[in-house]
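Chemist: no sequence on hand, only this structure:
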Ligand SMILES: Cc1cc2nc3c(=O)[nH]c(=O)nc-3n(C[C@H](O)[C@H](O)[C@H](O)COP(=O)(O)O)c2cc1C
């Protein structure tokens with residue numbers, strides 16, 4: 001039995017491009033894994049607090065020495081990390097907001113990048129502990145930031161997610177970027193026409209396997 005963790009970060013609900021793509025991915029994954037499990041984590045409704053001093057102190061305190069308040073401070077982080085550990089595969093739909101990921105997604109990352117849990121220090125430096133997991137990132141942006149374009153240096157979404165998940169040991173990553181969604185917003189391109197090549201890219205991923 002395998003488990004897929006489905007994460008979404010767009011606040012736009014039904015209108016969201018990244019949510020459409022991640023939903024399609026989940027639908028295809030379920031067709032390919034009819035008996036397997038999907039965990040859903042919606043970052044817009046998860047009410048994740050910023051890490052504070054108690055959280056940081058707790059993370060660096062050995063588990064057996066933590067006070068009740070420290071355990072409480074790490075409770076949500078424990079839940080979010082357990083989802084990552086349980087799942088074999090992740091699909092993460094996210095918009096670009098102001099050249100980076102939405103703040104809700106950053107709050108989640110701050111909770112899941114945790115010493116002794118998702119990474120450890122070794123003599124040769126930090127080692128990620130989510131090894132063997134596969135992650136697909138479905139990114140939507142108003143503009144186009146692909147390699148070689150004038151806006152490419154402004155993309156802090158794909159390089160950031162690649163760095164964070166690589167740091168955590170997730171080495172099998174796939175990025176599908178729906179750039180140019182502003183044309184849908186302005187009515188220059190209809191939504192179905194815009195989505196078609198990205199839908200086809202997702203469908204092709206499942207035909208390969
Ligand atoms: C608050 C906010 C900030 C945005 N910032 C950017 C940006 O920096 N660059 C860009 O290309 N598009 C930006 N956009 C446009 C979105 O990336 C685009 O609408 C995309 O489709 C959002 O993904 P979603 O439809 O899944 O929410 C922004 C949109 C919002 C609402």
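Modeler: Happy to help now that I have it. Only a predicted model underlies this, so the values are computations on that prediction, with no experimental measurement involved.
Chemist: tell me how far the biggest helix by length in the chain is from the chain's mean position?
Modeler: Longest helix of the chain, by residue count under DSSP state H: helix 191-208. A distance of 19 Å separates the centroid of the chain from that of helix 191-208, by CA atoms, centre = their mean, to the nearest Å.
Chemist: contact partners of that helix?
Modeler: Applying CB atoms under 8 Å, 6 or more residues apart in numbering, the contact partners of helix 191-208 are 17, 20-21, 24-25, 28-29, 31-32, 136, 138, 174, 176, 178, 180-181, 183-184. C-beta here means a position set from N, CA and C on the backbone, and glycine is covered the same way.
Chemist: and those near the ligand, which?
Modeler: 17, 181 (CB under 6 Å from any ligand atom).
Chemist: so which of the contacts of helix 191-208 sit within strands?
Modeler: 136, 138, 174, 176, 178 (DSSP state E).
Chemist: verify the contact between the fourth one and residue 136 for me.
Modeler: Yes: in this structure, residue 176 is within contact of residue 136 by CB atoms under 8 Å, at 7.1 Å.
Chemist: need the overlap of contacts for those two.
Modeler: Shared contacts of residue 176 and residue 136, defined by CB under 8 Å, 6+ apart, are absent.
Chemist: gap between the spatially most distant residue from the centre of the chain and residue 111?
Modeler: Note on the chain: the largest C-alpha distance from the chain mean falls to residue 65, namely 31.5 Å (CA atoms, centre = their mean). Per CB to CB, to the nearest Å, residue 65 is found 21 Å from residue 111.
Chemist: residues of this protein that sit close to the ligand?
Modeler: 10, 12, 16-19, 95-99, 140-143, 181, 185.
Chemist: just the buried ones from those, in ChimeraX syntax?
Modeler: Selection of buried members from the residues of the chain next to the ligand for ChimeraX, criterion 16 or more other CB atoms under 10 Å:
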select :10,16,17,18,19,95,96,97,140,141,142,143,181
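Chemist: can you tell me which of the residues of the chain next to the ligand end up in helices?
Modeler: Those of the residues of the chain next to the ligand mapping onto helices are 17-19, 185, per DSSP H.
Chemist: now for those, which pair is the farthest apart?
Modeler: Spatial extent of these (CB to CB) is set by the pair 19 and 185 at 15.1 Å.
Chemist: what number of residues lie near the closest residue to residue 118 other than its chain neighbours?
Modeler: If the residues on either side of it in the chain are set aside, residue 118 comes closest to residue 168, at 5.0 Å by CB to CB, 6 or more residues apart in numbering. Residue 168 is flanked by 24 other residues according to other CB atoms under 10 Å.
Chemist: residue 168 contacts residue 120, correct?
Modeler: No: applying CB under 8 Å as the test, residue 168 and residue 120 come out as separate, 10.8 Å apart.
Chemist: what sits in contact with each of the two?
Modeler: Common contacts of residue 168 and residue 120 (CB under 8 Å, 6+ apart): residue 129.
Chemist: check what pLDDT residue 1 gets.
Modeler: What the model reports as pLDDT for residue 1 is 88.
Chemist: contact partners for it?
Modeler: By CB under 8 Å, 6+ apart, residue 1 lies in contact with 35-37.
Chemist: now those residues in CSV, with secondary structure, neighbour count and pLDDT?
Modeler: Putting the contacts of residue 1 into CSV (DSSP: H, G, I helix; E, B strand; the rest coil; neighbours: other CB atoms under 10 Å; pLDDT from 0 to 100) gives the following:
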residue, secondary structure, neighbour count, pLDDT
35, coil, 7, 96
36, coil, 14, 97
37, strand, 14, 98
